[in-house]
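1. what follows is a protein structure lacking sequence information:
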């Protein structure tokens with residue numbers, strides 16, 4: 001497994017932007033599909049975005065297409081989530097996760113998780 005540490009969360013006004021980072025340990029980062037999920041209070045964890053091992057393919061939940069961008073730098077063992085035009089409903093704890101499975105949108109497919117970073121969007 002790979003160890004993951006997220007950073008970059010915080011408080012931002014609606015319409016603002018944040019860039020989340022997730023640093024991974026180990027030498028096998030490039031062998032994992034990486035995903036971002038989020039969990040708002042009282043709600044289930046939901047898929048946000050995923051990126052293929054080499055970064056050539058990206059996947060998004062339909063509601064976030066055009067606002068969020070996932071990317072990765074395998075040389076730095078880091079995956080990013082750029083979030084623009086943030087809305088109060090984006091408020092949640094954001095988690096990065098790693099999987100070697102193909103079902104990138106199912107949280108059950110991921111076996112390594114970070115501790116999460118809080119994103120709060122004020123109206």
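-> Everything's here; your move. Worth saying up front: this structure is predicted, and the values here are computed from it rather than measured.
2. am I right that residue 17 is in contact with residue 83?
-> Yes: counting by Cβ atoms under 8 Å, residue 17 touches residue 83, with 6.2 Å between them. Just so you know, the C-beta spots here come from the backbone N, C-alpha and C atoms, and that holds for glycine as well.
3. between those two, who's got more neighbours?
-> residue 83 (25 against 11; other Cβ atoms under 10 Å).
4. quickly find the element holding the spatially most central residue of the chain.
-> Centroid check for the chain by Cα atoms, centre = their mean gives residue 36 as the closest residue, at 2.3 Å. For residue 36, the host element (DSSP states H and E) is strand 33-39.
5. pLDDT of that strand, averaged?
-> Here strand 33-39 scores 98 as its mean pLDDT.
6. over to the residue nearest to residue 103 when sequence neighbours are not counted: give its phi and psi.
-> Closest residue in space to residue 103, ignoring its immediate chain neighbours: residue 109 at 4.4 Å, by Cβ to Cβ, 6 or more residues apart in numbering. Main-chain dihedrals, residue 109, degrees, to the nearest 10: phi -80, psi -10.
7. and residue 109, how many residues sit next to it?
-> Other residues close to residue 109 by other Cβ under 10 Å number 16.
8. residues touching it, list them.
-> 99, 101, 102, 103 (Cβ atoms under 8 Å, 6 or more residues apart in numbering).
9. buried members of those residues into PyMOL, please.
-> One line in PyMOL is enough to select the buried ones among these; burial here means 16 or more other Cβ atoms under 10 Å:
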select buried, resi 99
